[in-house]
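Q: Sequence plus predicted model, see below.
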Amino acid sequence: SDRTPRIGVVRGNRLLDLPKLVGSHWDGSFPGSMQAFIQAGPEAWRRMELLIEKFGSGNFPPEAAPRPEEISLDAPIPRPAKNIVCLGSNYAAHMEESARARGREVKIPPAPVFFTKAPTSVTGPLDRIPWDTTVTSEVDWEAELAIVLGVGGKDIPRSQALEHVFGYTILNDVSARDLQQRHYQWFKGKSLDGFCPMGPHLVTADEFGDPQKKQISLRVNGIVKQSASTADMIFTIPVIIEFLSQGMTLEAGDIISTGTPEGVGLGRTPPEYLQDGDLVETEIEGIGVLRNRVVARRDVLRTPL
Ligand code: MG
């Protein structure tokens, strides 16, 4: 079958093939990826929305509605153009558990703590998390709400920040704790291949509603490890965008992950790290669930769950 990546749109409980649904009605070259579509800008989004409304309710051609077994979900943006910007320490209870585990003093930061994940770490919402046991022995989970910018900008005031957001998705900021410690800086321990499951969908901002009122949770083998509300963020999304964009240009398609609540493996007594075969489910209200199995081998990406 045709394995070419394409954009889908969720209508009710169906995932529709967007090029097959509306492609022939699109004026100009059809965006070949979610990133290209986002970069096309608000006028293109509105045109697409109208086409989806017109053709997506009922009488669509059967080839536009693939059967579930024909679908393999990629991350919404499988290969971001830039590093994913992440926040450390954006939930107070998570700060406390991390500080305790590392024997450090708890200090609420006066400004957001930014770090990044490499674009090559991104993997799909149902893909395996490859664990190279020769590189790390402390693989941990971090459920996070991620935002995708639709409109770039610089020096964006918090009062206008949400107008720059295209949509929201789920990200598991998988972390090699031993590498974070060893290299004194988080980038390496956060950027291993397959350490950034993302998806399962990108929910547009108009549909998602208030991003600071969402339940966020994570389970390992069905056991709840994290369960919190995005209301508990120290720096809200508008504040994050305001800080990040000060003197620094943000662009359409940029991804910002807003930090994880309490309940990571590092913060437990004794610490708990992911093991071969563990199933990690990361869920956010209004978006869906990531289901990623940890596999302690090298060539494990894209094999069936
Ligand atoms: Mg994180």
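A: In hand now; what should we look at?
Q: Could you use CA atoms for every contact and neighbour count after this?
A: Fine.
Q: Up against the ion, what does the stretch 151-300 of the chain have?
A: Taking CA under 5 Å from the ion as the criterion, the stretch 151-300 of the chain approaches the ion at residues Asp173, Gly259.
Q: In contact with the residue in the stretch 51-200 of the chain that the ion sits nearest to, which residues?
A: Residue nearest to the ion within the stretch 51-200 of the chain (CA to the ion): Asp173, separated by 4.9 Å. Contacts for Asp173 (CA atoms under 8 Å, 6 or more residues apart in numbering) come out as Trp141, Glu142, Ala143, Glu144, Lys190, Phe195, Cys196, Pro197.
Q: hmm, 7 Å instead?
A: Contact analysis of Asp173 by CA atoms under 7 Å, 6 or more residues apart in numbering lists Trp141, Glu142, Ala143, Glu144, Phe195, Cys196.
Q: And Ser229, by the same measure?
A: Ser229 sits next to Lys213, Lys214, Gln215, Ile216 when contact means CA under 7 Å, 6+ apart.
Q: For the third one, give its distance to the ion.
A: Pointing back at Gln215 there. Separation of Gln215 from the ion (CA to the ion, to the nearest Å): 17 Å.
Q: Just confirm that residue contacts Thr230, I think it does.
A: Yes. Shown here, Gln215 and Thr230 form a contact pair, counting by CA atoms under 7 Å, at 6.5 Å.
Q: more neighbours, these two?
A: A side-by-side neighbour count of Gln215 and Thr230, using other CA atoms under 10 Å, places Thr230 first with 24 against 16.
Q: wait, doesn't the more buried one sit right on Asp210?
A: No. Thr230 is beyond contact range of Asp210, at 9.8 Å (criterion: CA under 7 Å).
Q: pull the CA atoms of stretch 95-106 into PDB?
A: Taking C-alpha atoms only, stretch 95-106 is exported to PDB below (Å, rounded to 0.1, in the frame of the first residue of the first chain):
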ATOM      1  CA  MET A  95      10.600  21.000  41.100                       C
ATOM      2  CA  GLU A  96      10.400  19.800  44.700                       C
ATOM      3  CA  GLU A  97      10.700  16.100  43.800                       C
ATOM      4  CA  SER A  98      13.600  16.700  41.500                       C
ATOM      5  CA  ALA A  99      15.500  18.900  44.000                       C
ATOM      6  CA  ARG A 100      14.900  16.300  46.700                       C
ATOM      7  CA  ALA A 101      16.200  13.500  44.400                       C
ATOM      8  CA  ARG A 102      19.300  15.400  43.500                       C
ATOM      9  CA  GLY A 103      19.900  16.700  47.100                       C
ATOM     10  CA  ARG A 104      19.500  20.300  46.000                       C
ATOM     11  CA  GLU A 105      17.600  23.300  47.500                       C
ATOM     12  CA  VAL A 106      14.200  24.000  46.000                       C
END
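Q: Could you give me the buried positions within it?
A: Buried residues in stretch 95-106, counted by 16 or more other CA atoms under 10 Å: Met95, Glu96, Glu97, Ser98, Ala99, Ala101.
Q: So is that stretch next to the ion?
A: No. Interface with the ion: stretch 95-106 contributes nothing (CA under 5 Å from the ion), its closest point being 11.0 Å away.
Q: per-residue pLDDT, Ala65?
A: pLDDT recorded at Ala65 is 92.
Q: Next up, the contacts around it.
A: By CA under 7 Å, 6+ apart, the contact set of Ala65 is Leu15, Leu16, Asp17.
Q: quick revisit: going by distance to the ion, which of the contacts of Ser229 wins?
A: Ile216 (13.3 Å).
Q: Next one: that closest one from Val224, what distance?
A: Applying CA to CA, to the nearest Å, the value for Ile216 to Val224 is 11 Å.
Q: Asp206 now?
A: Asp206 is 30 Å from Val224, by CA to CA.
Q: Give me the more crowded residue out of the two.
A: Neighbour totals were compared for Asp206 and Val224, and Val224 leads with 14 against 11 (other CA under 10 Å).
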